[in-house]
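Q: could you look at this predicted model? Sequence included:
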Amino acid sequence: MSKTILITGSTDGIGLETARMLATLGHQVLLHGRNAGKLENARHSLSSLSGGGRVEGYVADLSHLREVAALAQAVAEQHAKLDVLINNAGVFKTAETRTADGLDVRFAVNTLAPYLLTQKLLPLLGASGRIINLSSAAQSPVDIDALVGRVPLPDDFNAYAQSKLALTMWSRALALSFDADGPVVIAVNPGSMLGTKMVKEGFGVAGGDVRIGAEILVRAALEEEFAAASGQYFDNDKGRFAQPHRDALDPQKSQEIVRSMEAILGETTRSGQNADAS
Ligand SMILES: NC(=O)c1ccc[n+]([C@@H]2O[C@H](COP(=O)([O-])OP(=O)(O)OC[C@H]3O[C@@H](n4cnc5c(N)ncnc54)[C@H](OP(=O)(O)O)[C@@H]3O)[C@@H](O)[C@H]2O)c1
């Protein structure tokens, strides 16, 4: 049966390849990107796939939390139901490391944006939905002061690795917060050093076959083996579910991440409302 699947960051790399595979299988793919021209190119190329499902495009820069909320609203205006949300968009190296909200871009795009998008789209996902979060083998203990933007982080790798552990931590915390009536939430390391823009620009190497990452996301979105794995971490370097970083198994630390994110989102919403009123 055809599923409706939103993939963030599907204008390039693993996200684009995953979208191509899912569209070819006949699923309705909702593409997302921050660059309207790149998004339209992706939509056009996927729409012309033979036997492909319907393809739509949504523009939003996920480093702006208000655009994340607007993305959720735009999707909800077009769709009463979403089967799968793949939080794939991610950033490693960037010229400008701070967002307009005063956050590190890696925490904003890799950790907070998927959390906010997921929260806003929960009513569409229902009990049978799936949320697939793109984690990484790069995971470092999270400095809460850095997460909330109080202190800068020393380098790109550190910021990226902290943002990916924070994502892995909230993925498990959210999964555990649902009873049987919540959607499945799974964090997936798609495989390390796959040859995407992120890896080429960030590490200066050609990298491996991008399809390795896309194939595991297709499985996570569709296959039965993932339906009963909510809260787990799939490590595609190992090709199986595996233990995440120990901090992701610590409920107190994970709750602290969730509380900090909720505080940031509350503040950002309030300052947005103040700006609207003035
Ligand atoms: N490649 C690997 O070996 C590897 C390993 C572990 C985890 N991952 C994870 O896999 C995911 C996909 O990465 P990739 O390797 O395919 O990298 P990529 O080719 O650089 O693709 C990243 C995607 O995210 C989008 N994006 C970045 N910043 C954004 C923003 N502010 N707003 C909206 N969209 C934004 C990009 O848009 P543009 O097209 O406009 O740049 C692009 O579509 C990421 O979460 C990454 O951390 C990758």
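A: Okay, I see it. Residues are numbered from 1 along each chain as shown.

Q: residues from the stretch 1-150 of the chain in reach of the ligand?
A: Residues of the stretch 1-150 of the chain found near the ligand (CB under 6 Å from any ligand atom) are 9, 11-15, 33-35, 38, 61-63, 88-91, 109, 134, 136. C-beta coordinates here come from the backbone N, C-alpha and C atoms, glycine included.

Q: which among those count as buried?
A: Among these, the ones that count as buried by 16 or more other CB atoms under 10 Å are 9, 11-15, 33-34, 38, 61-63, 88-91, 109, 134, 136.

Q: from Phe203, how far off is Ala89?
A: Counting by CB to CB, to the nearest Å, the gap from Ala89 to Phe203 is 19 Å.

Q: list the buried residues for stretch 94-102?
A: 94, 97, 99, 101.

Q: picking up where we left off before, in strands, which of the residues of the stretch 1-150 of the chain next to the ligand fall?
A: 33, 134 (DSSP state E).

Q: picking up where we left off before, quick one: which of the buried residues of stretch 94-102 is nearest Arg20?
A: Nearest to Arg20 among the buried residues of stretch 94-102, counting by CB to CB, is Thr94 at 25.8 Å.

Q: can you verify my assumption that that closest one contacts Val105?
A: Yes: checked against CB atoms under 8 Å, the pair Thr94 and Val105 is within contact range at 5.1 Å.

Q: could you check how many residues crowd around Leu217?
A: Close neighbours of Leu217, defined as other CB atoms under 10 Å, add up to 27.

Q: so it sits in a helix?
A: Yes: Leu217: assigned to a helix according to DSSP: H, G, I helix; E, B strand; the rest coil.

Q: check contacts around it.
A: When contacts are counted by CB atoms under 8 Å, 6 or more residues apart in numbering, Leu217 touches 14, 18, 86, 88, 132, 134, 188, 190.

Q: is the fifth one bridged to anything, and to what?
A: So that's Ile132. Beta-bridge partners for Ile132, by DSSP bridges, are Ile86, Ile186.

Q: assign the nearest residue to His245 once chain neighbours are set aside to helix, strand or coil.
A: Distances taken as CB to CB, 6 or more residues apart in numbering place Gln139 nearest to His245, at 4.5 Å, with adjacent residues excluded. Classification of Gln139 using three-state DSSP returns coil.

Q: again, but for Thr168
A: Under three-state DSSP, Thr168 falls in the helix class.

Q: just confirm it contacts Tyr233, I think it does.
A: Yes: using CB under 8 Å, Thr168 is in contact with Tyr233, at 6.2 Å.

Q: who's more crowded, those two?
A: Thr168 (26 against 22).

Q: and the pLDDT for the more buried one?
A: Predicted confidence (pLDDT) for Thr168: 98.

Q: which residues touch it?
A: With contacts taken as CB under 8 Å, 6+ apart, Thr168 has the following neighbours: 133, 135, 139, 187, 233, 244-245, 248.
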